[in-house]
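Chemist: I would like to see how this sequence folds:
(2 chains)
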Amino acid sequence: MTEISTVLRGKVYVLGDNIDTDQILTAEYLKINPASDEGRHQLATLAMCGLPSGSLPFIDPLTGRSAYEFIMARDNFGCGSSREHAVVALGASAVKAVIAHSFARIFFRNCIATGQLMPVTLQPDYSVEGVKTGDIIEIDTTSHQIMTPHRSLKIAPVGELAGIVAAGGLFAYARLVGKIVANIHD
Amino acid sequence: MDNATKTRVGMTLSEKILARACGREHVSPGEVIFAKVDVLMSHDPCTPGVASVFKKEFGAQAKVWDKQRFIMIPDHFTYTADSQANHNIRVMREFAAQQEITHFYDVGTPDYKGVCHIGLAEGGHTRPGEVLLGTDSHTVTAGAFGTFAIGVGITDGAFALGCGETLLLVPSTIRVNYHGIMPVNIQAKDLILVLLKQLGVAGATYQAIEFGGNIIDELSIEERMTLCNMVVECGAKNGIMVPNQAALNWLKTRTNIPFSILEPDSDAHYTRTIDIDVTALNPVVARPHSPDNVTDIDNLANVAISQAYIGSCTGGKTSDFIAAARIMKGRTVVIPTFAVPATKEVFHQLITTQLDGISIYQILVDAGVRLSSEPGCAACCGGPGDTFGRVNSPVSIISTTNRNFVGRMGHKGATIYLASPYSVAATAITGSITNPTRFLA
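Modeler: Coordinates of the predicted model:
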């Protein structure tokens, strides 16, 4: 079980519906290996590089990392490609969680399989409506609530794949349930 | 057998394949299972990552679970001077050599294929009743053969590579029936766009789409692939069809590996059934910037277009070029029109296939099409700056490809319209969005 602090606090970047993986990480950067240290470093500076021209800058030019701890979006976040690079780019760029009304399947799976980015789904009756980019929010993972400047939102249960989330990723889960050997050292 | 077993509902095609893959009589939607993987495919943007995770998790000396079942296909950035992209292909070469991989379709060799999803089918790796994983969202294309085929990330890819299994949530299934009489101006691309309009970009998230109806039974294998290819654009986990004679004929010469043809039970449970009568359909177009932003092509008549593109796993198969040639024969394009065959086999078929005694290749070149001899994904997903056909300025483009997101084909200011090969070819001839019907007399 991965221990994470129960309250995460930080600045949020707000987006709309159907944020596709080309906006999170443009396809030309698929040439970067997201599973290498060097690749992670490169991807960190490229998170959300495909946002339409004129969007508020996502990367802080001083740090070369995300200026925001959180992203809030509406439906179908991460639709499109299966590129794990997109999840790694956000995680490496110091984004702690993406909060959305719903996620595209492969993006959600990549978040939990890698354990590198927390996908937070809101309960159906709650909306990111009214939250603005730059607002400070707090996620309480114990009480499953998010505090925004105006109101509190409820987090939906992870669902059937909660075991993987609790274990901290697919490989950790597979070792836990004895699917693969616990120790790779010869 | 207990009562619960007796009263179980029948299974959909996807459920049947997954039950078999986890060694059980029955599975239900929502169950989490470890399923045996029959084939795993990875291409150049993801193999280096898959190899890194594989070595980290299974050990530097670990061997892949089955060297005949891991299919390696470079396709995304194969013809480029970009050093990082070329490095990835060298990583593939080293890994393939080290692991003695049987099917590595390396660029620059006689084995090279091109776009992985079409290459998988050409290599006979898309077999009915099997579970196929690929590190690319359009892996769903193989559903045309009755394969349970899904796209995965590199972590899931590496997991399967090491242990030959994958952890899956059994999806519920939406049944989609196409029936009626296929109009001459309608192609599979129109059929899937019509469905995307109805379902929306998230309308099938986490679900399987099972296609049926007389139209599906009658479609060519290439057109069936186009339909399954784009199910991911409405969020589906997979698209699948019972293999028809065309699918079996295709496989006959391409694989010796025995396979089973499964069919859904007559009492299978579907969360939803959609019936589409194709008889009165008119061609459709997906407008910027979403594949479900679909409208009748006649609503866009006279929208000026400055570039056209024919290619990709969706619209770069031999039949797609034959369709374009039917429209372009004896005519000339008035806008820059780029065409990239999906695979080397497709490219060769453009030379050997004739329409009224003239090769498809010649028809397209005579019409002024810039036809690449370098098969691959090319400009469908933008790619490095020197990619053939890449959209490098804020123009409007019509394309046979699968996604029209902002920046998808290169420039963020470009507006991308998605349409059938017929409609793209007709538009290339006139310079504005054009219903192909009048060219198909």
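Chemist: any idea of the pLDDT on residue 154?
Modeler: Since you didn't name a chain, this refers to chain A. Note on A:Lys154: pLDDT of 98.
Chemist: Sorry, I should have been clearer: chain B.
Modeler: For B:Ile154, the predicted pLDDT is 98.
Chemist: got a list of what it touches?
Modeler: A:34-35, A:84, B:42, B:46, B:49-50, B:53, B:135 (Cβ atoms under 8 Å, 6 or more residues apart in numbering or on different chains). From N, CA and C alone the C-beta is placed, and that goes for glycine too.
Chemist: Could you do A:Ser93 as well?
Modeler: So A:Ser93 contacts A:43-47, A:59, A:65-66 (Cβ under 8 Å, 6+ apart).
Chemist: Point out where chain B drops to low pLDDT.
Modeler: B:1-7 (pLDDT under 70).
Chemist: among the contacts of B:Ile154, which two are most distant?
Modeler: Maximum pairwise distance in the contacts of B:Ile154, criterion Cβ to Cβ, is 13.5 Å, between A:Pro34 and B:Ser42.
Chemist: Counting neighbours, go ahead and name the busier of the two.
Modeler: More crowded of A:Pro34 and B:Ser42, by other Cβ atoms under 10 Å in any protein chain shown: A:Pro34, with 32 against 29.
Chemist: Give me the nearest residue to B:Phe159, chain neighbours excluded.
Modeler: Leaving aside its chain neighbours, B:Phe159 sits nearest to A:Leu170 (5.7 Å; criterion: Cβ to Cβ, 6 or more residues apart in numbering or on different chains).
Chemist: ok so, going back, can you tell me which of the contacts of B:Ile154 is closest to A:Ala94?
Modeler: A:Pro34 (15.5 Å).
Chemist: That closest one is in contact with B:Gly49, isn't it?
Modeler: Yes. Under the criterion of Cβ atoms under 8 Å, A:Pro34 makes contact with B:Gly49 at 5.3 Å.
Chemist: shared neighbours of these two, anything?
Modeler: A:84-85, B:154.
Chemist: I'd like these as TSV, with secondary structure and distance to A:Asn18 appended.
Modeler: As requested, the shared contacts of A:Pro34 and B:Gly49 are exported to TSV (DSSP: H, G, I helix; E, B strand; the rest coil; distance: Cβ to Cβ, whole Å):
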residue	secondary structure	distance to A:Asn18
A:Glu84	helix	20
A:His85	helix	19
B:Ile154	helix	24
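Chemist: Counting neighbours, what do you get for B:Ser432?
Modeler: B:Ser432: 16 surrounding residues under other Cβ under 10 Å.
Chemist: quick one: it and chain A, what's the gap?
Modeler: 25 Å (Cβ to the nearest Cβ, to the nearest Å).
Chemist: quick one: what helix or strand has B:Ala204 in it?
Modeler: Using DSSP states H and E, B:Ala204 falls within no helix or strand.
Chemist: Please list the residues of the stretch 151-300 of chain B that sit near chain A.
Modeler: B:151-156, B:159, B:162-163, B:165, B:167, B:169, B:201-202, B:205-206, B:235, B:237, B:290 (Cβ under 8 Å from any Cβ of the partner chain).
Chemist: Could I get the full set of strands for the stretch 201-350 of chain B?
Modeler: B:208-212, B:238-241, B:272-277, B:284-286, B:294-296, B:307-311, B:337-340 (DSSP state E, counting those that start in this stretch).
Chemist: I'd like to know how many residues surround residue 66.
Modeler: As the question left the chain open, I've gone with chain A. Residues near A:Ser66, counting by other Cβ under 10 Å: 26.
Chemist: switch to chain B, that's the one I care about
Modeler: 15.
Chemist: Likewise for A:Val177?
Modeler: 11.
Chemist: again with A:Lys154
Modeler: 13.
Chemist: and what of the one 10 residues further on?
Modeler: In terms of burial, A:Ile164 registers 22 neighbours under the definition other Cβ under 10 Å.
Chemist: Is it part of a helix or strand, or is it coil?
Modeler: Following DSSP: H, G, I helix; E, B strand; the rest coil, we place A:Ile164 in the helix state.
Chemist: coming back round to it: if any of the contacts of A:Ser93 are buried, put those into a ChimeraX selection.
Modeler: Here is the ChimeraX command that selects the buried residues among the contacts of A:Ser93 (16 or more other Cβ atoms under 10 Å in any protein chain shown):
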select /A:43,44,46,47,59,65,66
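Chemist: Closest one of the contacts of A:Ser93 to B:Pro336?
Modeler: A:Leu46 (29.7 Å).
Chemist: Doesn't the closest one lie inside a strand?
Modeler: No. Under three-state DSSP, A:Leu46 falls outside any strand and is assigned coil.
Chemist: which ones are touching it?
Modeler: A:25-26, A:29, A:89, A:93 are the contacts of A:Leu46 under Cβ under 8 Å, 6+ apart.
Chemist: Can you point out the helix or strand that includes the residue lying closest to B:Arg24 once chain neighbours are set aside?
Modeler: Counting by Cβ to Cβ, 6+ apart, B:Arg24 lies nearest to B:Ile33, which is 7.8 Å off, once chain neighbours are set aside. Assessed by DSSP H and E, B:Ile33 sits inside strand B:32-36.
Chemist: Under the pLDDT cut-off, which ranges of chain A? List them.
Modeler: Those would be A:1-5, A:182-186, if you go by pLDDT under 70 across chain A.
Chemist: hmm, try it at 50
Modeler: Along chain A, segments meeting pLDDT under 50 span A:1-2, A:185-186.
Chemist: Show me where it has its strands.
Modeler: Here chain A has its strands, by DSSP state E, at A:7-14, A:59-60, A:65-66, A:70-73, A:97-100, A:118-121, A:136-140, A:145-147, A:152-154.
Chemist: how about CSV for these, with distance to B:Thr400 added?
Modeler: Output for the strands of chain A, formatted as CSV (distance: least, Cβ to Cβ, whole Å):
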stretch, distance to B:Thr400
strand A:7-14, 35
strand A:59-60, 35
strand A:65-66, 36
strand A:70-73, 30
strand A:97-100, 31
strand A:118-121, 33
strand A:136-140, 43
strand A:145-147, 43
strand A:152-154, 42
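Chemist: could those be laid out in JSON lines, adding distance to chain B?
Modeler: JSON lines is the format used below for the strands of chain A (distance: least, Cβ to the nearest Cβ, whole Å):
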{"stretch": "strand A:7-14", "distance to chain B": "17"}
{"stretch": "strand A:59-60", "distance to chain B": "16"}
{"stretch": "strand A:65-66", "distance to chain B": "19"}
{"stretch": "strand A:70-73", "distance to chain B": "12"}
{"stretch": "strand A:97-100", "distance to chain B": "11"}
{"stretch": "strand A:118-121", "distance to chain B": "12"}
{"stretch": "strand A:136-140", "distance to chain B": "23"}
{"stretch": "strand A:145-147", "distance to chain B": "22"}
{"stretch": "strand A:152-154", "distance to chain B": "20"}
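Chemist: Please identify which of those is closest to B:Ala142.
Modeler: strand A:118-121 (27.3 Å).
Chemist: What pairs with that closest one, parallel or antiparallel?
Modeler: Applying DSSP bridges, strand A:118-121 is found paired with strand A:97-100 (parallel).
Chemist: What residues does A:Met118 make contact with?
Modeler: A:Met118 neighbours (Cβ under 8 Å, 6+ apart): A:96-98, A:111.
Chemist: partners of the strand or helix carrying B:Leu167 in the sheet?
Modeler: Using DSSP H and E, B:Leu167 sits within strand B:165-169. Paired neighbours of strand B:165-169 in the sheet (DSSP bridges): strand B:32-36 (antiparallel).
Chemist: ok so, going back, can you name the two of the contacts of A:Leu46 that are farthest apart?
Modeler: Every pair of these checked by Cβ to Cβ; the farthest is A:Thr26 and A:Ser93, at 14.4 Å.
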